[in-house]
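Enquirer: Please find the sequence and the predicted model below.
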Amino acid sequence: MNPEIAVEADHLYCAHGWRHVVKDVSFQIQRGEIAVLVGVNGVGKTTLLTTIAGAISAAKGCVKVFGNPRRQNVRSEREARRRTVYLPDQPWLPDSMLVREYLGAAAELFEIPKAVGIDRIDALLELFGLTDAGGQMLKSLSTGQKKKAGLCAALLADRELLLLDEPFSGGLDPAGIAALRRVLLHRARTQGQTIVMTTPVAEVVSELADRLLILRDGALADNLDRAELLRRLPTGRSTADAINSLIFPESDSRIQNYLDQSSAAN
């Protein structure tokens, strides 16, 4: 086992219902990296992330977290769970609980001492502008506030691996996006936390990604570290636009054809 590898997939197949949506995928994510899974909708990003989290079993192949195979034996699964936090795109939030009670329950689940948990809850509520909402019921929150509450719960623990499905989507406002970007960078750079996320936002990729995993038709089309990503970017375009051209080449081609036709018509 290589202690520097946080996540390893080996000829991994993931199923949704009775079909494979992720096919024969192999990759390694190093400790302390921010790895971003990208691709068009329905390509298998969430299914792959859920398999890494151990919420579903691999159909074939294997995925390991710090050398521990997911869902293959009790000891390895317990160790993988102890070191991992997973936040789905739309986590279940108990309507009848107050925001602060919900975060307190999460702190207990993570076995965080009460005094430490209170301090962390206060800090996270302030970070995301939810201090005044701490005494409100979860069902009364807006969509964006619910997104922030889920992020607060995931960020309470300081586990070694943080798995986030679409953390920058779902109504998160610009202030929340800016706060989350800085927190994730800080955790990876100064605390060595490994972060794996899905996102459709190219600006997030350009700023955060140490590794870009591009899924296309259920397969791993590209696995680029940051140096290779920057080398591959087309020149003469904004960074975000250039990244989109790598991630969505078919869409980029359609856009360029339209622009060329519009220019010719004028």
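Expert: Yep, it's here.
Enquirer: Alpha carbons of stretch 39-48, as PDB, please.
Expert: Extracted C-alpha coordinates of stretch 39-48, given in PDB (Å, rounded to 0.1, in the frame of the first residue of the first chain):
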ATOM      1  CA  GLY A  39     -18.400  15.600 -17.600                       C
ATOM      2  CA  VAL A  40     -21.900  16.200 -19.100                       C
ATOM      3  CA  ASN A  41     -25.000  15.400 -17.100                       C
ATOM      4  CA  GLY A  42     -25.700  11.700 -16.800                       C
ATOM      5  CA  VAL A  43     -22.100  10.600 -17.500                       C
ATOM      6  CA  GLY A  44     -21.700   8.900 -14.100                       C
ATOM      7  CA  LYS A  45     -20.000  11.500 -12.000                       C
ATOM      8  CA  THR A  46     -22.300  11.200  -9.000                       C
ATOM      9  CA  THR A  47     -22.400   7.400  -9.300                       C
ATOM     10  CA  LEU A  48     -18.600   7.300  -9.200                       C
END
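Enquirer: Run through the bridge partners of the most centrally placed residue in the chain.
Expert: Per CA atoms, centre = their mean, the C-alpha nearest to the average position across the chain is that of residue 197, at 1.7 Å. Going by DSSP bridges, residue 197 is paired in beta bridges with residue 36, residue 164.
Enquirer: and this protein, what are its domains?
Expert: When the chain is parsed with automatic domain parsing, its domains come out as 1-83+160-170+188-266, 91-158.
Enquirer: Let me have those in CSV, extended by mean pLDDT.
Expert: Conversion of the domains of the chain to CSV gives the following (pLDDT from 0 to 100):
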stretch, mean pLDDT
domain 1-83+160-170+188-266, 90
domain 91-158, 96
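Enquirer: I'd like those domains written out as JSON lines, with distance to residue 178 added.
Expert: All C-beta atoms are positioned from the backbone trio N, CA, C, and that covers glycine. Supplementary listing: the domains of the chain in JSON lines, determined by distance: least, CB to CB, whole Å:
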{"stretch": "domain 1-83+160-170+188-266", "distance to residue 178": "10"}
{"stretch": "domain 91-158", "distance to residue 178": "11"}
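Enquirer: what sits against the residue nearest to the centre of the chain?
Expert: Contacts were defined as CB atoms under 8 Å, 6 or more residues apart in numbering; by that measure residue 197 touches 34-37, 49, 163-167.
Enquirer: ok, of those, which one's closest to residue 18?
Expert: Looking at the contacts of residue 197 and their distance to residue 18, the nearest is residue 49, at 20.5 Å (CB to CB).
Enquirer: Residue 36 is in contact with that closest one, correct?
Expert: No. Here residue 49 lies out of contact with residue 36, judged by CB atoms under 8 Å, at a distance of 10.8 Å.
Enquirer: With that, I have no additional questions.
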